[in-house]
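Q: when you get a sec, could you give me coordinates for this:
(2 chains)
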Amino acid sequence: MDLSRLTIDAARSAIQERKTTAVSLAEAMYDRIERDDPTVGAFLTLSKERALAKASEMDALAAKGEKLPPLGGVPVGIKDVLVTKGARSTAGSKILGNYMPPYDCTAVARLEAAGAVVLGKMNCDEFAMGSSNENSAWKPVHNPRDLSRVPGGSSGGSAAAVAADMAVATLGSDTGGSIRQPASFCGVVGLKPTYGRVSRYGLIAFASSLDHIGPLTKTAKDAAIVLRMIAGRDPMDSTSAEMPVPDYVAELEKPISGLKIGVAKEYFGEGLDGEVRKSVEAAIQKLADLGCEIIKLSLPHTKYAVPTYYIVATAEASSNLARFDGVRYGYRADGPGSLSEMYRRTRDRGFGTEVKRRIMLGTYVLSAGYYDAYYLKAQKVRTLLTRDFDQAFKQVDVIVTPTSPTAAFKLGEKVNDPVAMYLADIYTVTANLAGIPGISMPCGQTREKLPIGMQVLGKHFDETTILRVAHAYENAA
Amino acid sequence: MKVTEKDVAYVADLANLELTVEERVCMLQDLNSILQHIDSLNELDTAGVQPMAQVSDRYGMDESKQGSERFAYASREDILEGLRKSLPHDVALQNAPDSDGIFFKVPKVIER
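A: Numbering: from 1, shown residues only, chains lettered A, B, ... in the order given. Below is the predicted model of the structure:
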């Protein structure tokens, strides 16, 4: 079987029609991982026993002639920040190096209930903090399209595995662009749903008001299939919304002519690479050719999004990461001294540099005397950024932007300049602050053959329309 | 606003971090460069703007309802076992770096 074009439906129907088995497909994936992953570094842990048990279960169904569930036998990978019962989950951090979760993340449980075969856990930046995957405590991920370059982050392993055909689909998490930016860098599809669309239960928290779980896939249709399975209210996450889940796949083929597409000038300004601009503009022209109406607009507070994000995200992180203290789970540093000294030594040795930097920044902006100047100010600007989108979506159905200002950069290029690294997220953080859905689609490549991504942003809970636009573009391109 | 060495030490203390001498030097530099970037927010007049802590009180619910009424769906009567049974003792302790089988063990807190 050719793994390189294998989509969810193709895999599932091949197993359903007994052209292959789920077990042999999983084994073919593991062979591929064994062959290629030493140079890519996408996987942290393999869960073979669990995968093969699920695959056998699906094969038994197919043998009986029963209809397979929507992801029946489909090999998937799970970002390491999503906990998996009995399968090591480190969040890319040494402090959770030996952590064996006693429960499953809701999104993972729902995928498995839909028949998915979980191959293993995907490498990522430590606690999902990073834009290049170089902050993984274990090893960096190399971009399969060019091994000297980063895959993006923080869901770098999730994106690289799909790009290198080591999984048909993966789950990632997105707090400031961590699904969409690596999808763009690796030339795959990445969807961040609306805040509240997918339960966060079992996602190791980075910034609770900005964290989202979503799929990375080869096609928009596959993203629609996965989203349909993982979306919906979960009593274990009080912020998951009580909203019906549409049949995204059934809606995909609806023609997009007549849709109003917004193009915001702030996303095409200084800092945008010329080749990326050209590709995204050509994609917008393609959408116009498909009958969409292109409307120029302004999202005036966009330039304040990155500073706002780095206050809100780090403040929430400093609080969320306080739980790692070497008492109940994870790493504990040896040595003499008091309880307080044990805490400090554990956190000092257990956390990497970027995580400590963000804990420090978050603690600083929340500390007495600075709370109003930084944290409260950022929360107010967050309101302004959200109002920008509210206004824009009165005029348009979706907004199309570049996903990232550049294609994938070289490993090591930005590691010593945190601000430059943070600016890689300049076009993606806005959707996290406002909670709106966004999808990154491949839309061409640079002269050096590096993938370029365009982002389609939509209204709250209107994943349907962004998926339709992405699907129509994919079919026309 | 400029972060000083004293601030770094104070904030590290609040965050339960020790940091090496080298780390403190880098942290001082990095925090100042990030905060300089963040200072651009002061260009904006936010008087009268409501702060936004999260998205879910604005979207995805019955907009005719106000305040906690909006989240009525997320509350329920207390039930003995909760939504998910509590973890058995041994499972809850299985990841602990140190335990006696009943409690988590930590270094001595009170000297006598």
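Q: grab the longest helix from chain B for me.
A: Of all segments of type helix in chain B, defined using DSSP state H, the longest is helix B:21-38.
Q: what helices or strands is that helix leaning on?
A: Applying 3 or more C-beta pairs under 8 Å, 6 or more residues apart in numbering or on different chains; DSSP states H and E, one finds that helix B:21-38 makes contact with helix A:305-320, helix A:353-366, helix A:418-422, helix B:5-14. Bear in mind the C-beta positions are built from the backbone N, C-alpha and C, glycine included.
Q: to residue A:455, which of those lies closest?
A: Ranking those by proximity to residue A:455 (C-beta to C-beta) places helix A:305-320 first, at 13.4 Å.
Q: next, the angle helix B:5-14 makes with whichever helix or strand comes after the closest one.
A: Helices and strands here follow DSSP states H and E; after helix A:305-320, the next one along the chain is helix A:339-350. An angle of 110 degrees separates the directions of helix A:339-350 and helix B:5-14 when computed by axes from the mean of the first three to the mean of the last three C-alpha atoms, to 10 degrees.
Q: tell me the average confidence for helix A:339-350?
A: When pLDDT is averaged along helix A:339-350, the result is 96.
Q: could you pull out the buried residues of it?
A: Neighbour counts over helix A:339-350 (16 or more other C-beta atoms under 10 Å in any protein chain shown) mark A:342-350 as buried.
Q: just want the angle from that helix to helix A:353-366.
A: Interaxial angle of helix A:339-350 relative to helix A:353-366 (the same axes, to 10 degrees): 130 degrees.
Q: what's helix A:339-350 packed up against?
A: Applying 3+ C-beta pairs under 8 Å, 6+ apart, we find helix A:339-350 packed against no helix or strand.
Q: buried residues of the longest helix of chain B, list them for me.
A: B:23-24, B:26-28, B:30-32, B:34-35, B:37-38.
Q: closest to residue A:284 out of those?
A: Checking these against residue A:284 with C-beta to C-beta, the nearest one is residue B:37 at 29.9 Å.
Q: that closest one contacts residue A:306, correct?
A: Yes: in terms of C-beta atoms under 8 Å, residue B:37 counts as a neighbour of residue A:306; the distance is 7.5 Å.
Q: need the residues touching each of the two.
A: residue A:422 (C-beta atoms under 8 Å, 6 or more residues apart in numbering or on different chains).
Q: residue nearest the centroid of chain A?
A: By C-alpha atoms, centre = their mean, the mean C-alpha position of chain A lies nearest to residue A:179, the distance being 2.3 Å.
Q: which ones are touching that residue?
A: Residue A:179 makes contact with A:155, A:158-159, A:172-173, A:190-192, A:212, A:214-216, A:440, according to C-beta under 8 Å, 6+ apart.
Q: tell me what the one helix or strand residue A:381 maps to is packed against?
A: Residue A:381 is located in helix A:377-395, with elements delineated by DSSP H and E. Helix A:377-395 sits against strand A:260-264, strand A:293-297, helix A:305-320, strand A:398-402, helix A:429-434, with contacts defined as 3+ C-beta pairs under 8 Å, 6+ apart.
Q: contacts for the helix or strand bottoming out on mean pLDDT in chain A, please.
A: Of all regular secondary-structure elements in chain A, judged by mean pLDDT, DSSP states H and E, the least confident is helix A:418-422 with a mean of 85. For helix A:418-422, contacts defined as C-beta under 8 Å, 6+ apart pick out A:130-132, A:306, A:310, A:354, A:357, A:414-415, B:30, B:33-34, B:37.
Q: please redo it, this time with the cut-off set to 10 Å
A: For helix A:418-422, the external contacting residues (C-beta atoms under 10 Å, 6 or more residues apart in numbering or on different chains) are A:130-132, A:134-135, A:153, A:176, A:306-307, A:309-310, A:313, A:353-354, A:357-358, A:361, A:409, A:413-415, A:429, B:26, B:29-31, B:33-34, B:36-38.
Q: just the buried ones from those, in PyMOL syntax?
A: Selection of buried members from the contacts of helix A:418-422 for PyMOL, criterion 16+ other C-beta under 10 Å:
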select buried, (chain A and resi 130+131+132+134+135+153+176+306+307+309+310+313+354+357+358+361+409+414+415+429) or (chain B and resi 26+30+31+34+37+38)
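Q: I'd say residue A:349 and residue B:18 touch.
A: Yes: here residue A:349 reaches residue B:18: they are 9.4 Å apart, a contact under C-beta atoms under 10 Å.
Q: could you say which helix or strand holds residue A:412?
A: Assigning secondary structure by DSSP H and E places residue A:412 outside every helix and strand.
Q: tell me how many other residues crowd it.
A: Residues within reach of residue A:412, counting by other C-beta atoms under 10 Å in any protein chain shown, total 12.
Q: and it, how far is that from residue A:62?
A: When C-beta to C-beta, to the nearest Å is applied, the distance between residue A:412 and residue A:62 equals 47 Å.
Q: tell me the contacts of the residue most central in space within chain B?
A: Among the residues of chain B, the one closest to the centroid is residue B:15, at 10.5 Å (C-alpha atoms, centre = their mean). Taking C-beta under 10 Å, 6+ apart as the contact definition, residue B:15 lies against A:318, A:321-322, A:344, A:347, A:356, A:359-364, A:367.
Q: state the pLDDT value of the residue of the stretch 51-200 of chain A found nearest chain B.
A: As assessed by C-beta to the nearest C-beta, chain B sits closest to residue A:195 within the stretch 51-200 of chain A, at 4.3 Å. What the model reports for residue A:195 is a pLDDT of 97.
Q: kindly report the same for residue B:89.
A: The confidence metric pLDDT takes the value 92 at residue B:89.
Q: check residue A:171 too.
A: Predicted confidence (pLDDT) for residue A:171: 98.
Q: just checking, what packs against whichever helix or strand it is part of?
A: Under the criterion of DSSP H and E, residue A:171 resides in strand A:169-174. Strand A:169-174 makes packing contacts with strand A:75-79, helix A:106-113, strand A:117-122, helix A:156-163, helix A:180-186, strand A:189-192, strand A:212-217, helix A:220-230 when contacts are defined by 3 or more C-beta pairs under 10 Å, 6 or more residues apart in numbering or on different chains; DSSP states H and E.
Q: in TSV, list the ones you listed along with mean neighbour count.
A: Output for the helices and strands packed on strand A:169-174, formatted as TSV (neighbours: other C-beta atoms under 10 Å in any protein chain shown):
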stretch	mean neighbour count
strand A:75-79	31
helix A:106-113	21
strand A:117-122	28
helix A:156-163	35
helix A:180-186	35
strand A:189-192	33
strand A:212-217	30
helix A:220-230	25
